[in-house]
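Colleague: Got a predicted structure here, sequence first:
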Amino acid sequence: MAEFKELFQSADWKQEKHVPVIDVPDSVKKGEFFKVTVTIGKEVAHPNKTEHHIRWIDVYFHPQGEKFPFQIGKAEFTAHGASAQGADTSTVYTHHEATMSFKTEKPGTIYASGYCNVHGLWQNQKQISVE
């Protein structure tokens, strides 16, 4: 049986439409809120259809020197074109992008993961420093 961590896929986000792209400043001000935007399919569009879509994005921050990360937030995307008339018959679609704000007094690593209903779990990470 596989460990949960072994189920995550990863690849170069400029080549792969499933890898979460983390947009955040490289350096943030100590104790001041800043925004983190995570997008799946930023450079290479990901399908958003009933049968193939991104279901959620989860964001964590692991401060340097601390044992565990903190969950910053989770975004669920639930409108993928389905309606009472069937698959891909609606005009309502959510976009797989999430923006969250948080503050920290320590540098660390932002981790983002996402779930594609066809291709599974994907992850990415980005270091930030604190001024």
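Modeller: That came through fine. Numbering: from 1, shown residues only.
Colleague: so the spatially most central residue of the chain is in which element?
Modeller: Geometric centre of the chain, nearest residue: residue 57, 3.9 Å, by Cα atoms, centre = their mean. Per DSSP states H and E: residue 57 is located in strand 54-63.
Colleague: Pairing partners for that strand, with directions?
Modeller: strand 70-76 (antiparallel), strand 108-116 (antiparallel) (DSSP bridges).
Colleague: Columns mean neighbour count on top of those strands, output as a markdown table?
Modeller: The C-beta positions use only the backbone N, C-alpha and C, and glycine is treated the same way. Supplementary listing: the strands paired with strand 54-63 in a markdown table, determined by neighbours: other Cβ atoms under 10 Å:
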| stretch | mean neighbour count |
| --- | --- |
| strand 70-76 | 14 |
| strand 108-116 | 21 |
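Colleague: Now the element after the lowest-mean-pLDDT helix or strand in the chain, going C-ward?
Modeller: Lowest by mean pLDDT, DSSP states H and E among the helices and strands of the chain is strand 8-9, with a mean of 86. Next along the chain after strand 8-9, taking DSSP H and E as the criterion, comes strand 20-23.
Colleague: Mind listing residues that contact that following strand?
Modeller: 13, 36-40, 42-43, 57, 110, 112-114, 122-126 (Cβ atoms under 8 Å, 6 or more residues apart in numbering).
Colleague: How about stretch 33-45?
Modeller: Residues contacting stretch 33-45 (Cβ under 8 Å, 6+ apart): 13-25, 28, 46, 54, 57, 59, 72, 75, 96-103, 110, 112, 114, 116, 122.
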